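*Asks:* model this:
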Amino acid sequence: MAPPRWFLRLFWIAHAAVFRVSGGRVGVRAPGSRIGALFLLSRGRISGTVRRNALFYVTDGPDLVVVASNAGDAADPQWWSNLQAGPDVEVELPGRERRPVRARRATPGEEARLIPRLDALYREFASYRARGLREIPIVILEPRPVEQGPARV
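*Replies:* Model prediction:
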């Protein structure tokens, strides 16, 4: 069973604070975990304001993979709506490495390959899907050259 939303929100706020204070050295990966955390830097599709969202991720070759689970909620997370409107964004990885990426939804073949791996790394993903409230997008963040998109977010 997934933790309550208030707990998850509090966890991510604390995570972001520890990450900033430690210069990206702490708050990246839970001890013994094979799933990391990154910060997605995107612009709000309506406000134009830069948004910074902490997300779990796994690597898949040169790509980063995140799940738009919204803790199993019936609605997509706002960051996913923002990415659909403007897919050229940046991510901040451990050690304050910033990387320009282009976001896209995983193809059905990619989803079939990635879902078992994601479920094995973070069991809540399977429970979110089991609720059946919506189809949960798997998002691929592909590397892109800096010159292929807007200026830094």
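*Asks:* who's in contact with the longest strand anywhere in the chain?
*Replies:* Secondary structure assigned by DSSP state E gives strand 50-60 as the longest strand of the chain. Identification of contacts with strand 50-60 by CB atoms under 8 Å, 6 or more residues apart in numbering yields 12, 15-16, 19, 34-44, 64-67, 77-79, 82, 92, 114, 117-118, 121-122, 140-141, 153. (C-beta placed from N, C-alpha, C; glycine too.)
*Asks:* now the residues you listed: which count as buried?
*Replies:* 15-16, 19, 36-43, 64-67, 77-79, 82, 92, 114, 118, 122, 140-141, 153 (16 or more other CB atoms under 10 Å).
*Asks:* filter those down to just the ones in strands.
*Replies:* Per DSSP E, the subset of the buried ones among the contacts of strand 50-60 in strands is 36-43, 64-67, 92, 140-141.
*Asks:* quick one, the longest strand of the chain and strand 63-67 angle?
*Replies:* If you take axes from the mean of the first three to the mean of the last three CA atoms, to 10 degrees, strand 50-60 sits at 110 degrees to strand 63-67.
*Asks:* all helices of this structure, in order?
*Replies:* Listed in chain order, the helices of the chain (DSSP state H) span residues 5-21, 78-85, 108-121, 124-131.
*Asks:* mean pLDDT lowest for which of the ones you listed?
*Replies:* Among the helices of the chain, helix 5-21 carries the lowest mean pLDDT, a mean of 60.
*Asks:* now the residue nearest to Asp76 when sequence neighbours are not counted: how far from Arg96?
*Replies:* Counting by CB to CB, 6 or more residues apart in numbering, Asp76 lies nearest to Ala68, which is 5.8 Å off, once chain neighbours are set aside. Distance of Ala68 to Arg96, given as CB to CB, to the nearest Å: 25 Å.
*Asks:* more neighbours: which of those two?
*Replies:* More crowded of Ala68 and Arg96, by other CB atoms under 10 Å: Ala68, with 21 against 12.
*Asks:* in contact with that one, which residues?
*Replies:* Ala68 neighbours (CB under 8 Å, 6+ apart): 76-77, 79-80, 136-139.
*Asks:* surely Leu83 and Ser42 touch.
*Replies:* Yes. Using CB atoms under 8 Å, Leu83 is in contact with Ser42, at 6.1 Å.
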